[in-house]
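In: Here is the input, now give the coordinates:
(one chain, ligands or ions: 2)
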Amino acid sequence: MATLATQDISDSFISDEEMLAEPCGWSRLFSLGSAFNTFDLQNDVYTFGRGANCDVKFDESSKHFQAYSKVHFQIYREKTSVGTHVFLEDRSTNGTFINSEKVGKGNKQVLNNNDEIALSFKYNKVYLYNDLQNTDNDLPKVVTEKYTVTKLLGKGACGEVKLCFSKGTCKKFAMKIIPKKKFSINDRVQINDPSRIMIEAKILKSVNHPCIIEVEEIIDTPENLFIVLELVEGGELFDRISSIGQLKEENAKLFFYQMATAVKYLHDLGITHRDLKPENILLFTNEEDTLIKLTDFGLSKFFDAGSMLKTFCGTPTYVAPEVLFSAGHGTYTEAIDSWSLGVILFVCLVGYPPFSEERKDMKLTEQILGGHYTFPKQYWSHISPEAIDLVRKLMTVNPSVRITLKETLEHPWFNDDAVLKKAYTLMHPNINGNCISMTPISRKRKAIEEEEKAIKKSR
Ligand code: ADP
Ligand code: MG
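Out: Residues are numbered from 1 along each chain as shown. Ligands and ions are numbered 1, 2, ... in the order given. Got it, this is the predicted structure:
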């Protein structure tokens, strides 16, 4: 197997401007890292690394360039009597990872469609392997003309969310695919009304907030609705909490401030989220201090029965007592979001939910309806009284006295310049956070509100 000189494959590199809509080769490597190019594999063997003799030589501006080996890995295609297989061979000192699993120097691994390749560190994802055979099978032309749809990112009640790349620029997005026909939730059949889904999707498109997922485009077909969303790469808040047990109070405050700001923004527009839970709160990056992005909001407004049904089939951990009381058939106010946020804050702070099916003396629904939760010393002693007070005010059973989002943002727990400044900088990266560092908190908050008003106006 001969290796090729770098210039021999330069034709298969595709710059952002000239990215071909149609691939030319047997597989495509989509770039996941900024210093890596998307390109099509046409020959049988490719070597990748820092060394000048590699077929694909890594860019010196690449963040971890020094951690790469001269020949880091090799991809080759082998035709046998049982078919053609594609292998990745790890030749590096620091390791090549396929879907976060280290292959290990001298070892090889079969590459499958949608495998993610990372170099030296498992989070340093640089390529997504697309075998060009499996993709886009069931998707309509209006979608495949514009996007290459690849691996599954997540599943929810309404459908699937997949990673996709726009043809032409290879920019990454998340694509939410919502079937319009009958779909079942836990064996119960539900019919989605297409016109209502569409109205809702348009509402989604009209909102604009740094802590709310941005909608790039909506593609409407008779069978499905495809919502192309801004991609976030830090996973669900739920997984972050599960992996580390609980958040530090300061980190919980940073996240919660953003959640409250975003939900208040929705409430000001007359939109109630209705399905706030850690699975619907996504993290922008893997860093500890990161932007949060609310997703899946408002959809539930038109999925009323569906979303409530889902909630009732699952555990109603985040559902407000008044919703539970009328078994999902009543009319509610935006106060139901305050309750859910209270439960989320509880979970963020201590890593376990306030209500439990394991409790012997009281059924779960009874616990929620009566607001029977406690703050046992062994878990809560290190948590500030202000945080506990805010949880109590949010998780108040009577919705008419429950704290609103506006009041939440004014709660003493947020008298914390350092956290507010961090949140501001994350939410408004182009505006210098220092310009507000010396102003009192109330003025700072006003500045944020005014800016949000300006954003709203400009839409
Ligand atoms: P559903 O309405 O069906 O619950 P969601 O919008 O909550 O759908 O998406 C389901 C899951 O897909 C999320 O919990 C998340 O893991 C993943 N996901 C959704 N949107 C994105 C996105 N923009 N970027 C990355 N992953 C996403
Ligand atoms: Mg969801």
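
In: For the spatially closest residue to Ser166 that is not a sequence neighbour, give me phi and psi.
Out: Among residues not flanking Ser166 along the chain, Tyr147 sits closest, at 5.7 Å (CB to CB, 6 or more residues apart in numbering). C-betas here are computed from N, CA, C, even on glycine. The phi and psi torsions at Tyr147 (degrees, to the nearest 10) take the values phi -140, psi 140.

In: do you know how far Tyr147 is from Arg28?
Out: 13 Å (CB to CB, to the nearest Å).

In: can you check Ile344 too?
Out: Counting by CB to CB, the gap from Ile344 to Arg28 is 39 Å.

In: higher neighbour count, these two?
Out: Neighbour count, other CB atoms under 10 Å: between Ile344 and Arg28, Ile344 has more, with 27 against 24.

In: list the contacts for that one?
Out: Contacts for Ile344 were tallied using CB atoms under 8 Å, 6 or more residues apart in numbering; they are 237, 256, 259, 276-278, 281, 318.

In: Now do the phi/psi pair for it.
Out: Here is the backbone geometry of Ile344 (degrees, to the nearest 10): phi -60, psi -40.

In: Neighbours of the closest residue to ligand 1 within the stretch 51-200 of the chain, how many?
Out: Closest contact between the stretch 51-200 of the chain and ligand 1, by CB to the nearest ligand atom, is at Gly156 (1.9 Å). When neighbours are counted by other CB under 10 Å, Gly156 registers 16.

In: Show only the entries of the contacts of Ile344 found in helices.
Out: 237, 256, 259 (DSSP state H).

In: Mind picking the one among the residues you listed that's closest to Leu349?
Out: Phe256 (9.1 Å; CB to CB).

In: and the residue lying closest to Lys202 once chain neighbours are set aside, bridged to which residues?
Out: Using CB to CB, 6+ apart and skipping the chain neighbours, the partner closest in space to Lys202 is Ile218 (7.3 Å). Beta-bridge partners for Ile218, by DSSP bridges, are Ile227.

In: Report the separation between Ile218 and ligand 2.
Out: 18 Å (CB to the ion, to the nearest Å).

In: Touching, that residue and Ile203? I think so.
Out: No. Using CB atoms under 8 Å, Ile218 makes no contact with Ile203, being 10.9 Å away.

In: With the flanking residues excluded, which residue is spatially nearest to the residue in the stretch 351-459 of the chain that ligand 2 sits nearest to?
Out: Closest residue of the stretch 351-459 of the chain to ligand 2, CB to the ion: Pro353 (17.3 Å). Leaving aside its sequence neighbours, Pro353 sits nearest to Thr317 (CB to CB, 6+ apart; 5.0 Å).

In: Can I get the ones in helices among the contacts of Ile344 in CSV including distance to ligand 2 and pLDDT?
Out: Listed next are these as CSV, based on distance: CB to the ion, whole Å; pLDDT from 0 to 100:
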residue, distance to ligand 2, pLDDT
Leu237, 12, 95
Phe256, 19, 98
Met259, 15, 97
